[in-house]
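1. Structure for this input, please:
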Amino acid sequence: MRHSGAEACEISVVRQGRTAVLSVRDDGRGAPAPSETSQGNGLRGLVERISGAEGRLEAGPADGGGYRLTITLPLKESIS
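-> Just a heads-up that it's a prediction; the model follows:
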């Protein structure tokens, strides 16, 4: 929100089968989807950590305006 001029931010975490999905969406100016060469250190660091956990990150303009960042991570089986 710091860079976007957003007034509102929505955060959700849901379980979809054997994955957890975290989604962050704001109503700010939006921005182009980051590329391998243009993403800032923050997104690059997130991608590295999420990849290490066998997850994925998607970020870019949200439908209807604003910006959306979605992280999908596999859930590990619980130990009984």
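2. where exactly do the strands run in this structure?
-> Secondary structure of the chain (DSSP state E): strands at 9-16, 19-26, 56-61, 67-74.
3. For Gly45, find the nearest of those.
-> strand 56-61 (10.6 Å; CB to CB). (Glycine included, C-beta is placed from N, CA and C.)
4. and the closest one, what does it pack onto?
-> Here strand 56-61 touches helix 41-52, strand 67-74, going by 3 or more CB pairs under 8 Å, 6 or more residues apart in numbering; DSSP states H and E.
5. Pick out the shakiest of these, pLDDT-wise.
-> Mean pLDDT is lowest for helix 41-52 among the helices and strands packed on strand 56-61, at a mean of 86.
6. if we can go back for a sec, would you turn the strands of the chain into CSV with mean neighbour count and distance to Val47?
-> Shown next, in CSV, are the strands of the chain (neighbours: other CB atoms under 10 Å; distance: least, CB to CB, whole Å):
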stretch, mean neighbour count, distance to Val47
strand 9-16, 10, 19
strand 19-26, 16, 14
strand 56-61, 15, 5
strand 67-74, 17, 10
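7. Same list, those strands, but as a markdown table with distance to Arg44 please.
-> What follows is these, written out as a markdown table (distance: least, CB to CB, whole Å):
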| stretch | distance to Arg44 |
| --- | --- |
| strand 9-16 | 21 |
| strand 19-26 | 17 |
| strand 56-61 | 10 |
| strand 67-74 | 13 |
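8. any idea which of those scores lowest on pLDDT?
-> When I compare the strands of the chain, strand 56-61 is least confident, with a mean of 91.
9. That one to strand 19-26, inter-axis angle?
-> 20 degrees (axes from the mean of the first three to the mean of the last three CA atoms, to 10 degrees).
10. What lies in contact with strand 56-61?
-> With CB atoms under 8 Å, 6 or more residues apart in numbering as the test, strand 56-61 has contacts from 30-34, 43, 46-47, 50, 67-72.
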